[in-house]
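# the following block contains a protein sequence and its predicted model.
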Amino acid sequence: MAGNARKPAVSVVIAYLSAHLAVPVFDRVPMDRPESYVLVRRVGGVRINAVTDGPWVLCECVAPVSAETLAMRVADLLEAAPGEYVAYLNDDMTTAQAWIASYAEVGAPAQNPDEDLQPEYDRWTLTAQLGISSHI
């Protein structure tokens, strides 16, 4: 059964956050960068058990002037995620479903300036470990 627990964690988190935020959520910065957005990346993690993956996800929140409010909202949403079923797109563009089983804060929201952003933009980052279950 190896491999059955691994869901595309970034796709699951993007789908979950997109359903709750008014700003776009991406896995890479688009060519036409919006004014405010959240960028999601998997930065590690471990398999928790046979049916649950435990990805560490880094969320980069970007907004004009200050991204702190957006980062705090993302942190609150991730903390509230356990118990949520999430419909997401697989890499082959088929729809699948995952269950978010757990949440742990790895790195609290923190201001993290990006030299590539224009000076009037702010970036905050946070890291969380989620339990994403494959057998729902």
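Perfect, I can see it now.
# mind listing what the host helix or strand of Ala110 pairs with, with the direction of each?
In this assignment (DSSP states H and E), Ala110 forms part of strand 95-111. Each strand paired with strand 95-111, and its direction, by DSSP bridges: strand 84-89 (antiparallel), strand 121-133 (antiparallel).
# buried ones in it?
96, 98-101, 103, 109 (16 or more other CB atoms under 10 Å). Glycine gets a C-beta too; all of them are placed from N, C-alpha and C.
# same deal with stretch 23-40?
Result for stretch 23-40 [16+ other CB under 10 Å]: buried residues 23, 25-26, 36-40.
# what's the most distant pair in these?
Farthest apart among these by CB to CB are Ser36 and Val40. That separation is 14.5 Å.
# just the pLDDT at the residue nearest to Gln129 when sequence neighbours are not counted, thanks.
Of all residues not flanking Gln129 in the chain, Ala104 sits nearest, at 4.5 Å (CB to CB, 6 or more residues apart in numbering). According to the prediction, Ala104 has pLDDT 98.
# and Leu89, by the same measure?
Note on Leu89: pLDDT of 88.
# partner residues bridging it?
Note on Leu89: beta-bridge partners by DSSP bridges are Thr95.
# list the contacts of it.
Applying CB atoms under 8 Å, 6 or more residues apart in numbering to Leu89 gives the contacts 11, 15, 95-96.
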